[in-house]
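Asker: Based on what follows, work out the 3D shape:
(2 chains)
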Amino acid sequence: MDRHMLGRTANGLFWMFRYLERVENTARLIDAAQRMALTRDIVSAAEEWRSVIETLGQRVAYESKHGTYTGVQAWNFLLRDRDNPANLHALMRSVRTNARAVRTAISSELWTAINESWMEIDDALSRPIAQSNLGDVIKLIKRAGTLAHGAVANSMLRDAGFNFARAGTFVERADSTARVLDMKYYLLLPSVSYVGSSLDAGQWDQLLRSVSGDRAFRWLNAGKADARGIVEFLILDERFPRSLAYSYSLLRQNLTTLSRLHGTEGRASELIRDSATALADLTIDAVFDEGLHQFLTGFQRRNAEIGNAIAEDYRFLA
Amino acid sequence: MTGTAETFDEMFDPTGEVRSGYADYCVWYDEQEVDLLRRKHKEAEASFRRTGITFNVYGEHDAEERLIPFDMVPRIITAREWRRLTRGIEQRVSALNAFIHDLYHRQEIIRSGRVPQRLFAGNEAWLANMVGFTPPGGVYTHIVGIDLVRTGPDDFFVLEDNARTPSGVSYMLENRETMMAMFPELFTRVPVATVSDYPRRLARSLAACAPKMTTGKPTLAVLTPGIYNSAYYEHAFLADQMGAELVEGCDLRVVNGRVAMRTTMGYEPIDVLYRRVDDEFLDPLTFNPDSVLGVPGIMDVYRSGGITIANAPGTGIADDKAIYSFMPEIVEFYTGEKPLLPNVETHRCADPESLKYVLDNLEELVVKEVHGSGGYGMLIGPTASKKEIRHFRHKLEAKPENYIAQPTLALSTCPIFTNKGLSPRHLDLRPFVLVSPDNVEIVPGGLTRVALKKGSLVVNSSQGGGTKDTWVLKD
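Answerer: All right, here's what the predicted structure looks like:
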């Protein structure tokens, strides 16, 4: 066993990938909402943007600036407004700043991918985004994620650093999928009680698009859509890379590997073992019996706890 | 000042003939389409940006990352010229190391009357904590950058010694990588000595200076002030290339009498610290108490033999320009030989007669602060305005011991690539020297800095200078 990496470096890798995941998730939400808004009247379109901004936790910041919800205001706010502390430009800058700080722990392929993406996104977001070029900007942002993850897969040493990077990805992804689902729970909940009732097709399509799961879901369910099926897919289907079950199955692997590399098992390993096992034993009926909203908020709380435990176990901070 | 008839051009002799070192290159150059070269020039810049080879500049808002302009015409040094330089540099660096040791021990050179006591008594770069202490392996200046200028075929002069924390070596390496990527065929046609093993040599040289208590392979770390430091790229680059850990002050603390870094498993000791943080910030317990860049207590660990610090604290004294003026005496005192590489003639303004001469000839001289660096705080007489000269006259009269003056040298030129083709610009050369207990080695190459403004003599990157790849030809 070689020497161990710096706690600060592990922290940088973890957060670099959390931010990258957040960048991608923000872009997905904007993309799905934009599509949805196109097919709706102004009132439901405004409602759609409101719920996206709510999901990202920026409602207060948005409403202190704008009196109404319109697409062009919303996506500019989310992408590039300095009054929004979580604007995508700032998130991407954090990805790049962290990458620069951990430069010696990542491959040059990964660094170059991040640095180039940052240069392109920085340039694209230097001006207000009109509807006509929103699509190109979203594509650029999604490609940043694809390039970075491709570089990780192809060029990163499978050591502790790799596992910290992946742990950041999955902690953030699990949180994000839970949030997106929670945003729509009030739409999903009434319909499950009516057996055989189907959702407003546009609504469930939008939900699945927000996690890039529309095509996968259709493929697996042959076009049949009901609320229960979608919830089961997003929470329990291990085949879908943005489901909670998949994220936790991989997070568990990463944390198990980290325990092995460090020759000691910390609190994070314990927590993920319990959570991942619970998720594997869970049925969709149990989720609805508990209440979807209760389940999702509980999940998000425990997920945050895992993130904190990782930081403590591996001495991220002095 | 513009290139005059006396200006030595590295590529062309006064009759316009190509000098021998550049013969192969010029044959290649003449075969190239100018449009293609223009395109390559743009590509090179884009590639530096993509790779993030930048230095930070502090502006009004955020710290901005800038590129150091790269010129794609190499600066070429023949094998014969290089051998001569190498011998001179080795001699000078050995003398520097012996001089610093002496200053912190018996001070023979002062007793002998060759160097006055006042030079370092009260000099901030001189560290009382180092008195009587010998660093591991007896090495003070692990890495030195010697700034050379040329005025004629055989006339190389040392302009400055950089023994504190010389920077720029990453540009030597990246410039070469860029040239090889852009013009691979050139390297099959011209026999250029390789520089790429510098990081390996640096790691080996540092490891050879590990403290006696080290068992097994020494743990190396590079200490950086952090990502906002102007040379951060270089710190990360060198750590990466050496396989060393890149640490910041906040990663380090003293644990069980060792300097240790906080890893994911707890604190692990470091054997050799290549620090890119100035002495002043190294240890808040000993020096600047407000420093967050260093490690509280590191000087105690150092003095008890628990860590090697490179370069050793207190070596900055050798960068002092007043000390520089005594280098011929210093070289002779410690090596018993005449210096192979001459200094630029230097007037010490502390000396009343010299001061008078300097004040009478300000329009022709270059005046520098003795503690200054980076091309700041200096006067270049021939290009200065009347007002600047008046201003400097007052400064000199008020504090003459703070200044030295040198004749304005006709620095050699080498062409750079411009939109209108080749055009000569003034340049200098900084070779990098590694010192280990039984060896002084110099990588065949260096950092060539070039003034991009026509006629300008200021090559510093902080003042708009650029860089060139530096080729040392193989025999």
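Asker: can we go C-alpha only for contacts and neighbour counts from here?
Answerer: Fine.
Asker: Near chain A, which residues of the stretch 151-300 of chain B? Just list them.
Answerer: Residues of the stretch 151-300 of chain B lying close to chain A by Cα under 8 Å from any Cα of the partner chain are B:226-227, B:236-237, B:239-240, B:245-246, B:250-251, B:261-266.
Asker: nearest to residue A:80, of those residues?
Answerer: residue B:227 (23.9 Å; Cα to Cα).
Asker: mind checking how far that closest one is from residue A:97?
Answerer: 8 Å (Cα to Cα, to the nearest Å).
Asker: Is there any residue in the helix or strand containing residue A:20 that contacts chain B?
Answerer: Taking DSSP states H and E as the criterion, residue A:20 maps to helix A:7-38. Yes: using Cα under 8 Å from any Cα, helix A:7-38 reaches chain B at A:7-8, A:10.
Asker: Tell me the bridge partners for the residue of chain A found nearest chain B.
Answerer: Per Cα to the nearest Cα, the residue of chain A with the smallest distance to chain B is residue A:6, at 3.9 Å. Under the criterion DSSP bridges, residue A:6 forms beta bridges with residue B:263.
Asker: And the pLDDT for it?
Answerer: At residue A:6, the model reports a pLDDT of 97.
Asker: Now do the same contact list for it.
Answerer: B:251, B:261-264 (Cα atoms under 8 Å, 6 or more residues apart in numbering or on different chains).
Asker: Just the closest of those residues to residue B:215, please.
Answerer: Using Cα to Cα, those come closest to residue B:215 at residue B:261, 17.5 Å.
Asker: I'd guess that closest one is in a helix, am I close?
Answerer: No: counting by DSSP: H, G, I helix; E, B strand; the rest coil, one finds residue B:261 to be strand, located in no helix.
Asker: who are the neighbours in contact with the nearest residue to it once chain neighbours are set aside?
Answerer: Among residues not flanking residue B:261 along the chain, residue B:252 sits closest, at 4.5 Å (Cα to Cα, 6 or more residues apart in numbering or on different chains). Residue B:252 makes contacts with B:259-262, B:295, as judged by Cα under 8 Å, 6+ apart.
Asker: where does chain B have low pLDDT?
Answerer: B:1-5, B:57-64, B:372-376 (pLDDT under 70).
Asker: residue closest to the middle of it?
Answerer: The residue lying closest to the centre of chain B (Cα atoms, centre = their mean) is residue B:145, at 3.6 Å.
Asker: What are the buried residues along whichever strand or helix holds it?
Answerer: Residue B:145 is located in strand B:143-152, with elements delineated by DSSP H and E. By 16 or more other Cα atoms under 10 Å in any protein chain shown, the buried positions in strand B:143-152 come out as B:143-151.
Asker: Could you list every helix and strand in contact with that strand?
Answerer: strand B:155-162, strand B:421-430, strand B:432-436 (3 or more Cα pairs under 8 Å, 6 or more residues apart in numbering or on different chains; DSSP states H and E).
Asker: Determine which stretch of those is the most buried.
Answerer: strand B:432-436 (a mean of 24; mean count of other Cα atoms under 10 Å in any protein chain shown).
Asker: So which residues make contact with that strand?
Answerer: B:93, B:137, B:139, B:141-146, B:169, B:202, B:205-206, B:208-209, B:440-443, B:445-446.
Asker: helix or strand right after that strand?
Answerer: strand B:439-442.
Asker: what sits against residue 239?
Answerer: Defaulting to chain A. Residue A:239 touches residue A:246, counting by Cα under 8 Å, 6+ apart.
Asker: Let me rephrase: I mean chain B.
Answerer: Residue B:239 neighbours (Cα under 8 Å, 6+ apart): A:104, B:221-222, B:245-246.
Asker: Enumerate every residue touching the residue of the stretch 151-300 of chain B at minimum distance from chain A.
Answerer: Residue nearest to chain A within the stretch 151-300 of chain B: residue B:263 (3.9 Å; Cα to the nearest Cα). Listed by Cα under 8 Å, 6+ apart, the contact partners of residue B:263 are A:4-8, A:314-315.
Asker: In a helix, residue B:65, correct?
Answerer: No: Residue B:65: not assigned to a helix; according to three-state DSSP it is strand.
Asker: these two touch, right, it and residue B:53?
Answerer: No: Residue B:65 is beyond contact range of residue B:53, at 9.0 Å (criterion: Cα atoms under 8 Å).
Asker: neighbour-wise, which of those two wins?
Answerer: A direct count of neighbours by other Cα atoms under 10 Å in any protein chain shown for residue B:65 and residue B:53 places residue B:53 higher, at 21 against 17.
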